[in-house]
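In: Predicted model and sequence below, questions to follow.
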Amino acid sequence: MTQQVMPMVIMGVSGCGKSTIGELLAQRLGVEFIDGDGLHPTSNKDKMGAGIPLTDTDRAPWLEIIGQRLAERDANGQPVIIACSALKRSYRDAIRAHEPETRFIHLVGGKELIRGRMDAREHEFMPSSLLTSQLTTLEVPNPDEHAISVDINQTPQQIVAYILGELGLDNR
């Protein structure tokens with residue numbers, strides 16, 4: 001028997017492919033995808049757009065919204081996948097406080113690969129100059145968090161196939 005689709009957060013530093021993988025995974029599973037960037041308050045977007053890293057205080061309301069969305073959709077029987085950097089354990093814990101069943105999918109890649117991707121794209125408010133601060137802030141999930149880590153140095157389809165296999169959902 002396959003596992004049911006649970007609420008998921010596609011996490012990692014900016015430029016690692018959270019939106020791309022989240023959208024593809026949501027399509028495969030027939031669930032909603034939400035890009036967490038769209039849930040940031042304008043003040044956060046303005047700050048990042050100016051090249052200023054967010055503080056924990058800046059992120060707190062955003063993480064609250066993400067946790068609430070996950071919990072609301074799950075309570076209504078509509079699991080959702082949200083792209084959210086979730087760089088620190090405390091951020092993941094804030095999300096899990098609302099929806100304890102959330103599964104984190106950590107997209108992992110080298111700095112040069114990610115910087116190249118960031119430089120090749122246009123993003124509303126996340127310049128590649130903030131990559132170093134994101135990598136410095138990143139706390140890799142501990143084993144007790146039951147996160148799935150996946151190397152991004154492969155095609156999006158391969159990444160999604162790997163995630164589905166790890167979740168026991170590869171027959172969908």
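Out: Ah, there it is.

In: what are the ranges of the strands in this structure?
Out: Secondary structure of the chain by DSSP state E: the strands cover 8-11, 32-35, 80-83, 103-108, 148-151.

In: now these in TSV, with mean pLDDT?
Out: TSV is the format used below for the strands of the chain (pLDDT from 0 to 100):
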stretch	mean pLDDT
strand 8-11	97
strand 32-35	95
strand 80-83	96
strand 103-108	96
strand 148-151	96
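
In: Buried deepest among these, which one?
Out: strand 8-11 (a mean of 29; mean count of other C-beta atoms under 10 Å). Where you see a C-beta, it was placed from the backbone N, CA and C, and this is true even at glycine.

In: Of all the helix elements in this protein, which one is longest?
Out: Secondary structure assigned by DSSP state H gives helix 56-75 as the longest helix of the chain.

In: sorry, back to before: distance to Leu24 added to the strands of the chain, as a markdown table?
Out: Putting those into a markdown table (distance: least, C-beta to C-beta, whole Å) gives the following:
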| stretch | distance to Leu24 |
| --- | --- |
| strand 8-11 | 10 |
| strand 32-35 | 9 |
| strand 80-83 | 10 |
| strand 103-108 | 12 |
| strand 148-151 | 12 |
